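Engineer: Structure for this input, please:
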Amino acid sequence: MSYEKKLSVILTIFVMLTISMVSINPSSVSGQNIVIQEEKPSISTVGSAEKEIPSDESRISLAVENTNANANTARKNNADKMNTMIDVLKQAGLTDDNITTSNFQITPNYDYENSNYDRIVSYTALNKIELKTSANANISQFIDLAVNNGANRVENIDFVISKETLDKNSLELLKEAFRDAKQKAQLLAIEGNFTIAGVKKIDISSGVGYSPPSYFYDNYAGDAAAEKTPSPSTQIIPQKNKITVTLPVIFYIGENDNNNR
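Structural biologist: Here you go, the predicted structure:
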C-alpha cells in the first residue's frame, strides 16, 4: 500500500472516531445530568438614613501675601510675618501638630500695563498655613491673633467631623439604612401578596454622604488689621454636619403560603 493510501485510511478512521465521540450522550460519560437553574425572583429597594452631628474639628486657612520688585525680598517679608504669626499662635496654645504649611509660591508679575509681556516688574510671594484644632477651641482668638500679626488673607474655615466620629456614626446609620430598605420591601410584599425570602445582594458602594459647612472671607481687611486698633472679636459659630447613608438592597421573594390554601 502506498504512503498516500495509508494516510487516507488513517484520516478516515480518525474522523469516524471523532464523530462517534460527539454522538455519545454526555450523561453516560459523566454519570451526571446538566442542570440549568432558573433565576429566583427578587425585588430591589434603597434604604436611607441621616443624622446631624456637631463638628469636632476645625480647619482654618490663613495666608500672608506681599509683592516686591525683588523676589528674595518678597520671600523674606513673607517669612518674617509668617514666623511672627506662628510664634504668637503657639503662645496661645497651638503646637506644631496644629499648624501645617499648605502652600508656598513666588509668582512673577509682568508689565501688562504697557503690553510688555516679557518684562517682569515685580514678584508676589504667597505663604499659606492651615490650623487644625478642636471645634470647641477659641477659633475667634486664633483668627484675630493671626490677622493682627501678619496674615492678610483668611480664606475659609471648615468645620469637620473626625474620622473616628464619622466611622462610628456611619456604622449606626448603615444599620438604620438596611432596616429602612427591609421595611420598604416588607411593605411591598404585603401589597403584592408575596414574601421576603432572604437577601440576594447589598450594595455598599454608595458610601456615606457628608459635606462640611464652610465660612468664606472675601478680601479680609489686612491693612485695617495692621493698624491693630481695638475691635470686637471675630464671631465664629460652628454648624452641625449632616451625614447621609444610602443602601441599595436586593431581596429574594417567594409565593405567599396563603395562595396555596
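Engineer: Distance check, K163 against N103.
Structural biologist: For K163, the distance to N103 equals 23 Å [Cβ to Cβ, to the nearest Å]. Using the backbone N, CA and C atoms, a C-beta is placed for each residue, glycine as well.
Engineer: pull the longest strand from the chain.
Structural biologist: The strand of greatest length in the chain, counted in residues with DSSP state E as the criterion, is given as strand 116-134.
Engineer: Averaged pLDDT, that one. What do you get?
Structural biologist: Taken as a whole, strand 116-134 has a mean pLDDT of 93.
Engineer: Parallel or antiparallel, which strands does that strand pair with?
Structural biologist: When pairs are called by DSSP bridges, strand 116-134 turns out to pair with strand 57-68 (antiparallel), strand 99-111 (antiparallel).
Engineer: Which of those strands sits closest to I253?
Structural biologist: Smallest distance to I253 across those (Cβ to Cβ): 44.8 Å, for strand 57-68.
Engineer: tell me which residues in the closest one are buried?
Structural biologist: Neighbour-count burial for strand 57-68 flags 57-66, 68 (criterion: 16 or more other Cβ atoms under 10 Å).
Engineer: same question, stretch 110-128
Structural biologist: For stretch 110-128, a neighbour-count test (16+ other Cβ under 10 Å) marks 123-128 as buried.
Engineer: now those residues as a markdown table including distance to D158?
Structural biologist: Written out in a markdown table, the entries for these read as follows (distance: Cβ to Cβ, whole Å):
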| residue | distance to D158 |
| --- | --- |
| Y123 | 30 |
| T124 | 25 |
| A125 | 25 |
| L126 | 20 |
| N127 | 19 |
| K128 | 14 |
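Engineer: E57 contacts E164, correct?
Structural biologist: No: E57 is beyond contact range of E164, at 10.3 Å (criterion: Cβ atoms under 8 Å).
Engineer: how close does the residue nearest to P108 when sequence neighbours are not counted sit to L166?
Structural biologist: Residue nearest to P108 in three dimensions, not counting chain neighbours: I120, with 4.6 Å by Cβ to Cβ, 6 or more residues apart in numbering. Computed with Cβ to Cβ, the distance linking I120 and L166 is 47 Å.
Engineer: Pull out the C-alpha coordinates of the longest strand of the chain and format them as CSV.
Structural biologist: Presented in CSV, the C-alpha positions along strand 116-134 are these (Å, rounded to 0.1, in the frame of the first residue of the first chain):
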residue,chain,number,x,y,z
ASN,A,116,5.4,94.3,27.6
TYR,A,117,4.7,90.7,28.5
ASP,A,118,8.3,89.7,28.7
ARG,A,119,9.3,92.2,31.3
ILE,A,120,9.0,91.3,34.9
VAL,A,121,8.1,94.2,37.1
SER,A,122,7.6,92.5,40.5
TYR,A,123,7.2,89.3,42.4
THR,A,124,4.3,88.2,44.6
ALA,A,125,5.1,85.8,47.4
LEU,A,126,2.3,83.7,49.0
ASN,A,127,2.6,81.6,52.1
LYS,A,128,-0.4,79.6,53.3
ILE,A,129,-0.9,77.6,56.5
GLU,A,130,-3.7,75.6,57.9
LEU,A,131,-4.7,75.5,61.6
LYS,A,132,-6.3,72.2,62.7
THR,A,133,-8.0,72.5,66.1
SER,A,134,-10.9,71.2,68.1
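Engineer: Follow the chain on from it and name the next helix or strand.
Structural biologist: Per DSSP states H and E, strand 116-134 leads on to helix 139-148 as the next helix or strand towards the C-terminus.
Engineer: Going by secondary structure, the nearest residue to F194 once chain neighbours are set aside is in what exactly?
Structural biologist: The shortest distance from F194 to any residue that is not its chain neighbour, by Cβ to Cβ, 6+ apart, is 4.8 Å, and that residue is I253. Element membership of I253 [criterion: DSSP H and E] is strand 240-255.
Engineer: which strands and helices sit next to that strand?
Structural biologist: In this structure, strand 240-255 packs against strand 42-54, helix 163-192, strand 194-202, strand 208-210, with contacts taken as 3 or more Cβ pairs under 8 Å, 6 or more residues apart in numbering; DSSP states H and E.
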